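[1] Give me coordinates for this.
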Amino acid sequence: MNKRVGFIGLGIMGSPMARNLLQKGFQVTVFDLNQGAVDQLATEGATPATSGKEVAQNSDCVITMLPKGEHVRMAVFGDNGVMEGASKDLIIVDMSSVSPVDSKEMAILAAAQGVHFLDAPVSGGEPKAIDGTLAIMVGGESAQFEEVKPVLQAMGSDIVLVGDSGCGTTAKLANQIIVNLNIAAVSEALTLASKAGIDIDKMYQAIRGGLAGSTVMDAKIPMILDRNFKAGGRVDINLKDLTNVMNTAHELSVPLPLSSQLLEIFHSLKADGKEALDHASIVQHYEKMANVTVERKEQ
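    Residues are numbered from 1 along each chain as shown. All right, here's what the predicted structure looks like:
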């Protein structure tokens, strides 16, 4: 496809993703309500825009990376939104984490105006957004997927067309169940081990090569031990994702007892003022209940 790509949403994930597009030679037009984020990307070669409409007017493909479905709808279908500047056959790629219902409805609305819409949420957090190795799960038509694949390859390493519209966001919901329950399981284990008084570093080294080992464990245990809860995946964003999980599960009559309990833990963290922390802070919920802190033993 032509190399003109629009990017709307320059947050923790969006900014490094747009930066990778620039580094791979794409002409990138950017917009965000945070003017500072737009200005920063402009110093790196992006073209700044003042609206989604202006982004669409200068792009063959428009990517949205926004917190919630309501934000995507506003950016695409609202006043001065993408659809007001969209040419026929523009491809919108929503890489936000929204519900499958939202994705399907937006795809239908876009198609009615001759515009294609793919849902393409990502997994890997800020580190993989920075190094361009995100996992990208896509829902939509295969022809448009193939057309934008070079764009997606600039931001990710594992890119799969899962199925038709809504399948990408459904895959992301499954991903979020696995990731967040894995963090919760790690948190329970670390809390138990800390209360028992063993050396967590040594325990981690002992078990990481066995069946319990995981990418989540390798990413989150060092953060927990360093007491570094700077967000790569914020509590409030994962709370939103798990809310979408439960809403979808209820519509499908699928009981998810573990996910429902974890959703309440996220609500507890938010109520405790931790909504902007990384989801590794799930451990703080367990620490509080057990009156213990997971930390390194002094050497």
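[2] which stretches of this protein form helices?
    In the chain, the helices defined using DSSP state H lie at 14-23, 35-43, 52-57, 69-77, 82-85, 100-111, 125-131, 142-153, 167-196, 200-207, 215-225, 235-251, 257-271, 282-290.
[3] for the ones you listed, which one sits closest to Glu298?
    Of all those, helix 200-207 sits nearest to Glu298, with 11.3 Å by C-beta to C-beta. (Glycine included, C-beta is placed from N, CA and C.)
[4] biggest strand in this protein by residues?
    strand 156-163 (DSSP state E).
[5] That one versus helix 142-153: what angle between them?
    Interaxial angle, strand 156-163 versus helix 142-153 (axes from the mean of the first three to the mean of the last three C-alpha atoms, to 10 degrees): 160 degrees.
[6] Flag every buried residue along strand 156-163.
    Neighbour-count burial for strand 156-163, with 16 or more other C-beta atoms under 10 Å as criterion, is recorded at 156, 159, 161-162.
[7] Spatially, which two of the residues you listed are the most separated?
    Across the buried residues of strand 156-163, no pair lies farther apart than Gly156 and Val162, at 13.6 Å, counting by C-beta to C-beta.
[8] quick revisit: in a markdown table: the helices of the chain, plus distance to Asp94, mean pLDDT and mean neighbour count.
    Output for the helices of the chain, formatted as a markdown table (distance: least, C-beta to C-beta, whole Å; pLDDT from 0 to 100; neighbours: other C-beta atoms under 10 Å):
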| stretch | distance to Asp94 | mean pLDDT | mean neighbour count |
| --- | --- | --- | --- |
| helix 14-23 | 12 | 97 | 22 |
| helix 35-43 | 19 | 97 | 15 |
| helix 52-57 | 12 | 97 | 23 |
| helix 69-77 | 6 | 96 | 20 |
| helix 82-85 | 10 | 96 | 21 |
| helix 100-111 | 7 | 95 | 19 |
| helix 125-131 | 16 | 92 | 18 |
| helix 142-153 | 12 | 96 | 17 |
| helix 167-196 | 8 | 96 | 20 |
| helix 200-207 | 37 | 95 | 14 |
| helix 215-225 | 25 | 95 | 18 |
| helix 235-251 | 14 | 93 | 19 |
| helix 257-271 | 23 | 97 | 16 |
| helix 282-290 | 27 | 97 | 20 |
